[in-house]
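Engineer: build the 3D model from these lines:
(2 chains)
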Number of protein chains: 2
Amino acid sequence: MRRIVADRFRRLFNRSFLLHRHHHNHNHPPFPASSSLTSHYPFSPYRFFFSTPFSSMASDSPFPVTAQNINPKVLKCEYAVRGEVVTLAQNLQKDLLANPGSHPFDEILYCNIGNPQSLGQPPITFFREVLALTDHPSILDKSETQGLFSTDAIERAWQIVEQIPGRATGAYSHSQGVKGLRDTIAAGIGERDGFPANPDDIFMTDGASPAVHNMMQLLIRSENDGILCPIPQYPLYSASIALHGGFLVPYYLDEATGWGLEIPELKKQLDAAKSKGINVRALVVINPGNPTGQVLSEENQRNIVDFCKQEGLVLLADEVYQENVYVPEKKFHSFKKVSRSMGYGENDITLVSFQSVSKGYHGECGKRGGYMEVTGFSAEVREQIYKVASVNLCSNISGQILASLVMSPPKVGDESYESFMAEKGNILASLARRAKTLEDAFNKLEGVTCNKAEGAMYLFPQIRLSQKAIKAAEEAKTAPDNFYCKRLLNATGVVVVPGSGFGQVPGTWHFRCTILPQEEKIPAIVSRLTEFHEKFMDEFRD
Amino acid sequence: MRRIVADRFRRLFNRSFLLHRHHHNHNHPPFPASSSLTSHYPFSPYRFFFSTPFSSMASDSPFPVTAQNINPKVLKCEYAVRGEVVTLAQNLQKDLLANPGSHPFDEILYCNIGNPQSLGQPPITFFREVLALTDHPSILDKSETQGLFSTDAIERAWQIVEQIPGRATGAYSHSQGVKGLRDTIAAGIGERDGFPANPDDIFMTDGASPAVHNMMQLLIRSENDGILCPIPQYPLYSASIALHGGFLVPYYLDEATGWGLEIPELKKQLDAAKSKGINVRALVVINPGNPTGQVLSEENQRNIVDFCKQEGLVLLADEVYQENVYVPEKKFHSFKKVSRSMGYGENDITLVSFQSVSKGYHGECGKRGGYMEVTGFSAEVREQIYKVASVNLCSNISGQILASLVMSPPKVGDESYESFMAEKGNILASLARRAKTLEDAFNKLEGVTCNKAEGAMYLFPQIRLSQKAIKAAEEAKTAPDNFYCKRLLNATGVVVVPGSGFGQVPGTWHFRCTILPQEEKIPAIVSRLTEFHEKFMDEFRD
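Structural biologist: Numbers count the residues shown, from 1 in each chain, chains lettered A, B, ... in the order given. The predicted structure is shown next:
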């Protein structure tokens, strides 16, 4: 056993050295080498090395399961959004509770994750009314209910209960979700796009994450199967590809042009991957972008659709931020709408669109609702998708109901319409203001540049760190951006995620910060961030 | 492409022939051969062959994704509980709706799946009250609420809302679930077992299925990693092992002794697997049994614990039917309680217990709540389990709340206590009566024997089919039990699952039938079943 640990250490050390060398080569590499490790090249070279807890590996463990004998794909997977910095924050929070005043801040501000209600955003009243009524339908016809709930929420709850076979809101549904709810969603998609949707194309899921896993599971056969992913990307994609043993083929978003998604870059990375023997199977596009916040133009989307069509790639469209667009000059267009408007039908383009109840103006993360709309697959492959969905029986019914509400909110004339529009409008307008305030604040910091958040819930500023700061990080055995984020947390209580968790052009450093803290807290956050940053820059000035 | 299809056909044909030969050898084989296909030896030889839809495989598909180029693990996975017979039932249901009177029955009775509320079982009032109130907490302090909800439901809802950080019932929780709810669950386990549980050992999940997948993902590295599974088994296990590319090592439950789980059989199968180079990593035990309904004795459980300890196996204990015990001479004991009562602590036995809100007396399948209690893993491995849980953010909060309620229902003195106990008692007593009535009815049928359902929700009768029936099935290109179940469905509208979906001693034929149809429907079901069976036996008498 000791020999195995020593071997492992040696292997890791050699890999680390290799990556370290890459790190000092600031040229943007055309494509990572094909070893399983360097497929994660755009990620920090330090992450893999130090996140493996081999220092604590017992050589004579009493346990049959050890870090040496679990699935190596699990070991390899990383998910920084709830990674090291967040664990540190949770410990600080416990410490604050036990010893108030022990830190230079009195609360932890979780800007690491798109979790609006955890930071005080209230839920949309109409949605919660319907959920409560469908959870306990026996109050639907009680007189007290009229006083507690709006008329249209009661009506909608009746409709939904009637759509569920046997009114059994506690039964497993059809594996794809309750048919009536899928009808509502399909109608909502049709209204959004101006092109019809088929309820049989909808697979309802517990949030978007399981839907992404389903697709990766379907497409990835071995480490020779590649998935084109944006860099930076939402780490669900890298985690899911790692768990399913595939190869992440990176394409870089161009920070200089507002995180532009350029077709020549896609083509270059695709060809490079093919020349290494990788079967590239799909292209992931996140629009609006996470962590980058850009909203694609319709023309750009048309080119992406044509690229996928020509190259025989499945287009995996992460469209969970479709309601989160903050600039008047941009508008969300679904890839389905774009492809149908180009005249492409079922047989022309294979497209999966992911939607979630966790984002948008409602931010119902805890409900775990979502769906994927699956088009352009043969009947035989759809059967396989259905079979895998059926192994897990169905997604949760409250999440299914909420997904139907999100795609079919109150309409003009409904009792709740005005209050609903006011709640929605206030949240989206406030998010837009918060995005702008934080963007401006980041751009005022020395050595920091930050693209506009046109959409989604994040800013992804670049920080130019001094050689002295980079050296200090090396001595602390961590990546420079991780070093910065931990210092920021310890000084201010603000939790952000290092860019290395999302991937970035090697030698550049970023962090992701959500725009979600409540508006009245933003000025304090800005001043704490600014004060910290100035001190940090002074401390590490070359 | 055509050549590939032809090759595939030839391979499948050869495999089918091999299996077919096995099938005619009625001796119970000591262990399946180590090919990936024959690891599924106890399952029907016909399933794999005919379920692959290669006959419809297009050789010039317009789609980039085809059945030939998806992940073969997905192709291999089977889940009969929602398989071919159920699809046929759904089509019959549509047909009945469109053409009433077109079949010799006027409704489809879904006895294929443990889905109590779909068959009319009402939800537990207290649970639904709390769910509704926590979904819409702003009504908690309204006066009308007092008239609609019981006092203790309002109190409990307040408690739960206070346990959720920021009262944010719509936020992602901690990746393992809301800490306060895990405290409640741990206290409930402690009360059940008489041994304490640690809330940090609880990982809350969207039903038990994702928890099982998590463990398979952790333990299975390749097709040389084996998991000991009962035969017959709940097909989630075979499906999950197939999806994760592992090897199902079968151990046979002894039908003659009421589905006894014998240690010598475990040892024999373990040794046989080891001799083939399989690393056997875990033992799955389903108690109370699914589909077999037996409840293990405490002594048997102690022997199983010792076996796992001696052999260094993880004990994966499916305990989702812990509330479903129908015979006075048997009692549910958790494997955690049994191991602690033997003096074994954290360092002595690695044990995972799965629990779900879908079963018990409540049967809240659609809520997708559940948890696994994870004990006896090193800190480094627990970190990995946590990391994978965090990739999916958290399970749904309503399901989490319900899991806490199930483990901490109303107590003596609470306003709801008496009505709760009456609802629970009625459901369980009725399930016991239904189990007995159906068991007796099956045992009266010619050529059928059926063990008692001591627990869970199923009966798994054996049907001895004539050579003529087996030949007719062969001609219809399906397994004999599948043939019987389809005929039963077409004649009666009753949906049961062929034994081949669960695994059975080769050459024997069974089906699984739930005990869940409402009590007033049981006499009609019995007479329809009896009439069908008599005709079937007459038609195919040798």
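Engineer: all strands for the stretch 351-500 of chain A, in order.
Structural biologist: With DSSP state E, counting those that start in this stretch as the criterion, the stretch 351-500 of chain A has strands at A:351-356, A:370-375, A:448-449, A:458-459, A:462-463, A:494-495, A:497-498.
Engineer: typo on my end, it should be chain A
Structural biologist: A:109-110, A:202-205, A:225-231, A:247-252, A:279-286, A:314-318, A:351-356, A:370-375, A:448-449, A:458-459, A:462-463, A:494-495, A:497-498, A:511-514 (DSSP state E).
Engineer: circling back to that earlier point, in a markdown table, list the strands of the stretch 351-500 of chain A along with mean neighbour count, distance to A:Gly345 and mean pLDDT.
Structural biologist: Backbone N, C-alpha and C define where each C-beta goes, glycine included. Below are the strands of the stretch 351-500 of chain A laid out as a markdown table (neighbours: other C-beta atoms under 10 Å in any protein chain shown; distance: least, C-beta to C-beta, whole Å; pLDDT from 0 to 100):
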| stretch | mean neighbour count | distance to A:Gly345 | mean pLDDT |
| --- | --- | --- | --- |
| strand A:351-356 | 27 | 11 | 98 |
| strand A:370-375 | 26 | 9 | 98 |
| strand A:448-449 | 16 | 43 | 97 |
| strand A:458-459 | 28 | 35 | 96 |
| strand A:462-463 | 22 | 42 | 98 |
| strand A:494-495 | 24 | 46 | 94 |
| strand A:497-498 | 28 | 40 | 94 |
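Engineer: so which of the ones you listed gets nearest B:Ser395?
Structural biologist: Minimum separation from B:Ser395 across the strands of the stretch 351-500 of chain A (C-beta to C-beta) falls at strand A:370-375, 13.6 Å.
Engineer: now A:Phe532. Nearest residue, chain neighbours left out?
Structural biologist: Nearest residue to A:Phe532 in three dimensions, chain neighbours excluded: A:Ala491, at 4.6 Å (C-beta to C-beta, 6 or more residues apart in numbering or on different chains).
Engineer: let me know the pLDDT of the one you found.
Structural biologist: A:Ala491 is assigned 95 on the pLDDT scale.
Engineer: might one say that it is in contact with A:Pro104?
Structural biologist: Yes. Using C-beta atoms under 8 Å, A:Ala491 is in contact with A:Pro104, at 6.4 Å.
Engineer: who has more neighbours out of these two?
Structural biologist: A:Ala491 (18 against 11; other C-beta atoms under 10 Å in any protein chain shown).
Engineer: mind listing what the more buried one touches?
Structural biologist: A:Pro104, A:Arg528, A:Phe532, A:Lys535 (C-beta atoms under 8 Å, 6 or more residues apart in numbering or on different chains).
Engineer: select only the buried ones of those in ChimeraX?
Structural biologist: Command for ChimeraX that selects the buried part of the contacts of A:Ala491, burial taken from 16 or more other C-beta atoms under 10 Å in any protein chain shown:
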select /A:528,532
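Engineer: for the contacts of A:Ala491, give me JSON lines that also has pLDDT and distance to A:Gly363.
Structural biologist: As requested, those are exported to JSON lines (pLDDT from 0 to 100; distance: C-beta to C-beta, whole Å):
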{"residue": "A:Pro104", "pLDDT": "91", "distance to A:Gly363": "30"}
{"residue": "A:Arg528", "pLDDT": "93", "distance to A:Gly363": "24"}
{"residue": "A:Phe532", "pLDDT": "97", "distance to A:Gly363": "27"}
{"residue": "A:Lys535", "pLDDT": "97", "distance to A:Gly363": "33"}
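Engineer: quick check, nearest of the contacts of A:Ala491 to chain B?
Structural biologist: Nearest to chain B among the contacts of A:Ala491, counting by C-beta to the nearest C-beta, is A:Arg528 at 20.1 Å.
Engineer: surely the closest one and A:Phe105 touch.
Structural biologist: Yes. Between A:Arg528 and A:Phe105 a contact is recorded at 7.3 Å, counting by C-beta under 8 Å.
Engineer: quickly list what's touching both of these two.
Structural biologist: Counting by C-beta under 8 Å, 6+ apart, the residues touching both A:Arg528 and A:Phe105 are A:Thr492, A:Gly493.
Engineer: how many residues are close by the nearest residue to A:Glu129 once chain neighbours are set aside?
Structural biologist: Using C-beta to C-beta, 6+ apart and skipping residues adjacent in sequence, the residue nearest A:Glu129 is A:Ala153, 3.6 Å away. A:Ala153 is flanked by 27 other residues according to other C-beta under 10 Å.
Engineer: which residues of the stretch 251-400 of chain A lie near chain B?
Structural biologist: A:281, A:312-314, A:347-348, A:350, A:358, A:363-368, A:376-381, A:383-384, A:387-388, A:390-399 (C-beta under 8 Å from any C-beta of the partner chain).
Engineer: rerun at 7 Å
Structural biologist: A:312-314, A:347, A:350, A:363-368, A:376-381, A:383-384, A:387-388, A:390-393, A:395-399 (C-beta under 7 Å from any C-beta of the partner chain).
Engineer: just the buried residues out of these, in PyMOL syntax.
Structural biologist: Here is the PyMOL command that selects only those of those that count as buried (16+ other C-beta under 10 Å):
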select buried, chain A and resi 313+314+350+363+364+365+366+367+368+376+377+378+380+381+384+387+388+390+391+392+393+395+396+397+398+399
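Engineer: report pLDDT for the closest residue in space to A:Pro288 that isn't next to it in sequence.
Structural biologist: Excluding its sequence neighbours, the residue lying closest to A:Pro288 (C-beta to C-beta, 6+ apart) is A:Gly455, at 2.9 Å. Note on A:Gly455: pLDDT of 96.
Engineer: quick one: contacts for A:Gly455?
Structural biologist: Residues near A:Gly455 by C-beta atoms under 7 Å, 6 or more residues apart in numbering or on different chains: A:Pro288, A:Gly293, A:Val295, A:Tyr321, A:Asn324, A:Val325, A:Tyr326, A:Lys330.
Engineer: I'd say the third one and A:Lys452 touch.
Structural biologist: No. Counting by C-beta atoms under 7 Å, no contact exists between A:Val295 and A:Lys452, whose distance comes to 9.8 Å.
Engineer: A:Arg167 - how many residues pack around it?
Structural biologist: A:Arg167, neighbours per other C-beta under 10 Å, totals 16.
Engineer: what do you get for A:Thr125?
Structural biologist: 17.
Engineer: next one: the one 10 residues further on
Structural biologist: Neighbouring residues of A:Asp135 were enumerated by other C-beta under 10 Å; the total is 28.
Engineer: from chain B, how far off is it?
Structural biologist: Separation of A:Asp135 from chain B (C-beta to the nearest C-beta, to the nearest Å): 4 Å.
Engineer: repeat for A:Glu107
Structural biologist: 11 Å.
Engineer: ok, A:Leu405 next?
Structural biologist: From A:Leu405 to chain B the distance is 12 Å (C-beta to the nearest C-beta).
Engineer: so which residues on the stretch 101-250 of chain A come close to chain B?
Structural biologist: A:113, A:115, A:117-118, A:120, A:123, A:128-129, A:131-132, A:135-136, A:139, A:142, A:144-145, A:147-148, A:165-166, A:168-173, A:175, A:206-207, A:209-210, A:217-221, A:236, A:239, A:243.
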